[in-house]
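Chemist: here is my input, please return the structure:
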Amino acid sequence: MTQELTCKELVEIVTEYLEGKLPSEDQARFEMHLSTCSGCSAYLAQMHETIIFAGYLSEESIPEESKGELLALFRDWKKNQQA
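Modeler: Numbering: from 1, shown residues only. Next comes the predicted model:
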């Protein structure tokens, strides 16, 4: 029997899901979780919208100040996830 996917695991693999890179068993677990979790379904919808609105945003088009702020936010987020 396949182990259920947690919300945290879903967030960690959402990019692979959106890119169609998940193995079929993981994709099935992902979609099963979505069918029972409205929070993760909303998260996936937000990710879809972000991709659409971001379009073809390149690293060069982001102002240096904003780039630094984003990197700091990601570093802090990652540090908090490990705590």
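Chemist: let me see the ranges of the helices in the protein.
Modeler: For the chain, the helices defined by DSSP state H occupy 7-18, 24-36, 38-54, 64-82.
Chemist: and the longest one, average pLDDT?
Modeler: When the per-residue pLDDT values of helix 64-82 are averaged, the result is 81.
Chemist: chain center to that helix, what's the gap?
Modeler: Taking CA atoms, centre = their mean, to the nearest Å, the mean C-alpha location of helix 64-82 is offset from the chain mean by 15 Å.
Chemist: can I get that helix in CSV? Just the C-alpha atoms.
Modeler: Presented in CSV, the C-alpha positions along helix 64-82 are these (Å, rounded to 0.1, in the frame of the first residue of the first chain):
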residue,chain,number,x,y,z
GLU,A,64,19.4,43.9,-7.7
GLU,A,65,17.7,45.1,-4.5
SER,A,66,14.7,42.9,-5.1
LYS,A,67,16.9,40.0,-6.0
GLY,A,68,18.8,40.4,-2.7
GLU,A,69,15.5,40.6,-0.7
LEU,A,70,14.2,37.4,-2.4
LEU,A,71,17.3,35.5,-1.8
ALA,A,72,17.3,36.5,1.9
LEU,A,73,13.6,35.4,2.2
PHE,A,74,14.4,32.0,0.7
ARG,A,75,17.4,31.6,3.0
ASP,A,76,15.3,32.4,6.0
TRP,A,77,12.5,30.1,4.9
LYS,A,78,14.9,27.2,4.3
LYS,A,79,16.5,27.8,7.8
ASN,A,80,13.1,27.8,9.4
GLN,A,81,12.1,24.6,7.7
GLN,A,82,15.1,22.8,9.1
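Chemist: and the helices of the chain as JSON lines, adding mean neighbour count?
Modeler: In short, each C-beta sits where N, CA and C put it, glycine included. Rendered in JSON lines, the data for the helices of the chain read as follows (neighbours: other CB atoms under 10 Å):
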{"stretch": "helix 7-18", "mean neighbour count": "14"}
{"stretch": "helix 24-36", "mean neighbour count": "14"}
{"stretch": "helix 38-54", "mean neighbour count": "12"}
{"stretch": "helix 64-82", "mean neighbour count": "10"}
